[in-house]
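*Asks:* I would like to see how this sequence folds:
(one chain, ligands or ions: 1)
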Amino acid sequence: MGPDDGQFETIASLRRYLEELRESGVDGLPFSPPERAPGPDAAASSLPPGAAGSLSGADGAVAVAPAPTGAETLAEIRGDLGECRRCTLGAGRTTLVFGVGNPKARLLFVGEAPGREEDLRGEPFVGEAGQLLTRIIKAMGFAREEVYICNVLKCRPPGNRNPLPEEVEACSTFMLRQVRAIAPEAIVALGTFAAQALLGTKEPISKLRGVFHDYHGIPLMPTFHPAFLLRNPERKREVWEDMKQVMGRLGIATAPPKD
Ligand code: URA
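*Replies:* Have a look, this model is predicted:
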């Protein structure tokens, strides 16, 4: 008995999806999805043996993976932010964009600041760049809901201008508290601004990407921002190389390239 219409349709849509991934620069797929049920002990139990304390940063420094404290929940941190007016961005925003995803995610993506659509919808990375980010996340073997996504700044700068140092300063403690509450095994910093703000450096993203750095004991991989990739699709391959390193850190195998 041959495949029926429904099966043909499934195969065709799978083929379209794979072709789309290949065009995005993805040259392999995970063998098996990561296993991690949200729960208080998940962060500790899913660390690969010997992973804690074994991080070597770009400068060769050794950092110790943080013990999940479980001290504070994301809901508590959000409550503390309230109708934030700690910097002037509070007055111009429509919605404070705190973050979305699994509160005990293994993997955290951090962008720069909400754009227009994000400000309106209250969710990070929902525009065109966000759709590309979702495809990258899926190619890594995760559903968007399984990871956590947020921005360094929680409010949209007017006209999407670059964030000011005092705005970063006002938000930075909340960023760190979010990271501590989630206790991810790895962080991906998306683009120049997020990488520079989190790492406290002025190094360009082209120098920062491709190697793990340390953010308060958590391995952080800087990579190009999806919005940059929309303008420079030929750089997607470098992002996929960075994401393969992240997958390796999480113990997710990738299929070898076909050619
Ligand atoms: N760019 C970002 O850095 N963050 C978003 O949420 C959307 C676009």
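*Asks:* isn't Ser188 right next to Leu107, touching?
*Replies:* For residue 188 the amino acid is Val, not Ser. Yes. Using C-beta atoms under 8 Å, Val188 makes contact with Leu107 at a distance of 7.0 Å. To be clear about C-beta, it is placed using only N, CA and C from the backbone, and glycine gets the same treatment.
*Asks:* overlap in contacts, the two.
*Replies:* Val246 (C-beta atoms under 8 Å, 6 or more residues apart in numbering).
*Asks:* residue ranges with poor pLDDT in this protein?
*Replies:* In the predicted model, the chain carries pLDDT under 70 at residues 1-70, 255-259.
*Asks:* how is it divided into domains?
*Replies:* Here the domain parsing of the chain from automatic domain parsing is 3-63, 74-250.
*Asks:* now the terminal residues of the last one, how far apart.
*Replies:* Yep, that's domain 74-250 we're talking about. 23 Å (C-alpha to C-alpha, to the nearest Å).
*Asks:* so is that domain next to the ligand?
*Replies:* Yes. Shown here: domain 74-250 in contact with the ligand (C-beta under 6 Å from any ligand atom) through Gly111, Glu112, Ala113, Pro114, Gly115, Glu118, Pro124, Phe125, Ala129, Gly130, Asn151, Ala227.
*Asks:* and Met243, what element?
*Replies:* Counting by DSSP states H and E, the element that carries Met243 is helix 236-249.
*Asks:* I misspoke; the intended subject was Gly79.
*Replies:* Using DSSP H and E, Gly79 falls within helix 74-81.
*Asks:* give the buried residues for the helix or strand following that helix.
*Replies:* Beyond helix 74-81 in the direction of the C-terminus, DSSP H and E gives the next helix or strand as helix 89-92. Applying a neighbour-count criterion of 16 or more other C-beta atoms under 10 Å, the buried positions in helix 89-92 are Leu89, Gly90.
*Asks:* on contacts alone, who are the packing partners of helix 89-92?
*Replies:* Judged by 3 or more C-beta pairs under 8 Å, 6 or more residues apart in numbering; DSSP states H and E, helix 89-92 is in contact with no other helix or strand.
*Asks:* contact partners of it?
*Replies:* Outside of helix 89-92, the residues within contact range by C-beta under 8 Å, 6+ apart are Glu83, Cys84, Arg85, Leu96, Leu153, Cys155, Arg156, Pro157, Pro158, Glu167.
*Asks:* just the buried ones among the residues you listed, please.
*Replies:* The buried subset of the contacts of helix 89-92 - by 16+ other C-beta under 10 Å - is Cys84, Leu96, Leu153, Cys155, Arg156, Pro157, Glu167.
*Asks:* and the furthest pair within those residues?
*Replies:* For the buried ones among the contacts of helix 89-92, the maximum inter-member distance is 14.2 Å, found between Cys84 and Pro157 (C-beta to C-beta).
*Asks:* just want the residue of this structure that's nearest the ligand.
*Replies:* Per C-beta to the nearest ligand atom, the residue of the chain with the smallest distance to the ligand is Gly111, at 2.8 Å.
*Asks:* close enough to count as contact, that residue and Asn151?
*Replies:* Yes. Proximity of Gly111 to Asn151 meets the contact threshold set by C-beta under 8 Å, at 4.6 Å.
*Asks:* show me where the stretch 151-259 of the chain has strands.
*Replies:* Counting by DSSP state E, counting those that start in this stretch, residue ranges of the strands within the stretch 151-259 of the chain are 186-190, 213-215, 218-223.
*Asks:* many thanks, I have nothing further to ask.
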